[in-house]
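Asks: Okay, sequence plus prediction incoming.
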Amino acid sequence: ILEAGIVRPKNLTNILFKNLADIILGIFAFWLIGSTFALSSGSLIGTQGWYGIGDGKEGGFLSFFFQWTFAGTAATIVSGALAGRCKLEAYFILSFVMSAVIYPVVAHMIWGDGGLLSIGSDKSMSLFHDSYVLDFAGSGVVHMTGGIVGLIGAAVLGVRKDYTSGKFNRIEKQRKDIFVFLGTGILWFGWYGFNCGTAFYTMQKRENA
């Protein structure tokens with residue numbers, strides 16, 4: 001909803017289909033490949049069971065659903081960065097790769113069983129030896145990953161075709177501000193639950209340390 005309120009009317013259908021692809025292609029890609037990389041044991045990536053839920057993967061359906069939503073969130077960050085820049089077919093491929101490979105590898109390295117940067121990994125295998133990465137509310141695993149991919153994509157594709165001399169064509173630059181406010185409000189409400197939950201979890205871990 002937030003992205004739909006920011007893009008120009010001619011790109012509205014495009015951005016809606018991109019977000020739909022993040023859901024449909026994303027869950028298939030994560031089920032087929034990504035869940036193995038993210039949820040099973042291994043150092044750089046998980047390697048147990050090449051598709052499905054369970055079969056050596058930690059957490060069962062709940063963990064699968066939780067991590068898939070994160071993969072989809074990372075992909076939607078990319079769709080916002082590439083809004084009005086790439087064709088729908090090209091984004092479908094990127095969305096699949098994002099949920100199948102890019103996000104799962106990062107998630108496993110920081111959150112996974114035996115991941116190179118995870119708290120529970122062997123110190124001799126950790127990239128930082130005596131130090132690990134503690135991610136807060138997906139700020140690094142989800143948002144930074146999506147932001148970096150989006151930044152690289154925008155840099156490769158360059159400026160939008162209708163961007164001339166540093167100014168947009170003001171005749172077509174029409175936004176639906178109600179979508180912007182509604183989308184921001186929904187995200188804000190979700191952040192209250194998720195970020196506060198993560199904060200309480202972190203405090204509990206600190207008290208038990």
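Replies: Received it, and whenever you're ready, just let me know what you need. Numbers count the residues shown, from 1 in each chain.

Asks: Need the per-residue pLDDT for the closest residue to residue 176 other than its chain neighbours.
Replies: Distance criterion Cβ to Cβ, 6 or more residues apart in numbering; nearest residue to residue 176, sequence neighbours excluded, is residue 5 at 4.7 Å. For the C-beta atoms, the positions are set from N, CA and C on the backbone; glycine is no exception. Residue 5 is assigned 76 on the pLDDT scale.

Asks: helices or strands up against the helix or strand containing residue 5?
Replies: Using DSSP states H and E, residue 5 sits in helix 2-6. Here helix 2-6 touches helix 12-29, helix 60-81, helix 177-208, going by 3 or more Cβ pairs under 8 Å, 6 or more residues apart in numbering; DSSP states H and E.

Asks: quick one, what contacts the closest residue to residue 86 other than its chain neighbours?
Replies: Of all residues not flanking residue 86 in the chain, residue 157 sits nearest, at 5.8 Å (Cβ to Cβ, 6+ apart). Contacts for residue 157 were tallied using Cβ atoms under 8 Å, 6 or more residues apart in numbering; they are 82, 85, 86.

Asks: Kindly report the same for residue 84.
Replies: Contact analysis of residue 84 by Cβ under 8 Å, 6+ apart lists 7, 8, 11, 14, 160.

Asks: How many residues are close by the second one?
Replies: Neighbourhood size, residue 8 [other Cβ atoms under 10 Å]: 17.

Asks: swap in the first one?
Replies: Look at residue 7: counted by other Cβ under 10 Å, it has 20 neighbours.

Asks: Give me the phi and psi angles of it.
Replies: Main-chain torsions, residue 7, degrees, to the nearest 10: phi -70, psi 160.

Asks: these two touch, right, it and residue 13?
Replies: No: using Cβ atoms under 8 Å as the test, residue 7 is too far from residue 13 to be in contact (9.8 Å).

Asks: which one is the residue most central in space within the chain nearest to, not counting chain neighbours?
Replies: Note on the chain: the residue nearest the mean C-alpha position is residue 74, at 1.3 Å, using Cα atoms, centre = their mean. Sequence neighbours aside, residue 146 is the residue nearest to residue 74 in space, at 3.8 Å (criterion: Cβ to Cβ, 6+ apart).

Asks: can you pull the contacts of the one you found?
Replies: Contact analysis of residue 146 by Cβ under 8 Å, 6+ apart lists 73, 74, 75, 76, 77, 78, 98, 103.

Asks: Could I get the contacting residues of the third one?
Replies: Think residue 75. Counting by Cβ under 8 Å, 6+ apart, residue 75 makes contact with 22, 26, 94, 95, 98, 99, 103, 146.

Asks: And it, how close does it get to residue 191?
Replies: Remark: distance between residue 75 and residue 191 (Cβ to Cβ, to the nearest Å) = 18 Å.

Asks: Check residue 93 too.
Replies: Residue 93 sits 30 Å away from residue 191, going by Cβ to Cβ.

Asks: Right, I'll call it a day here.
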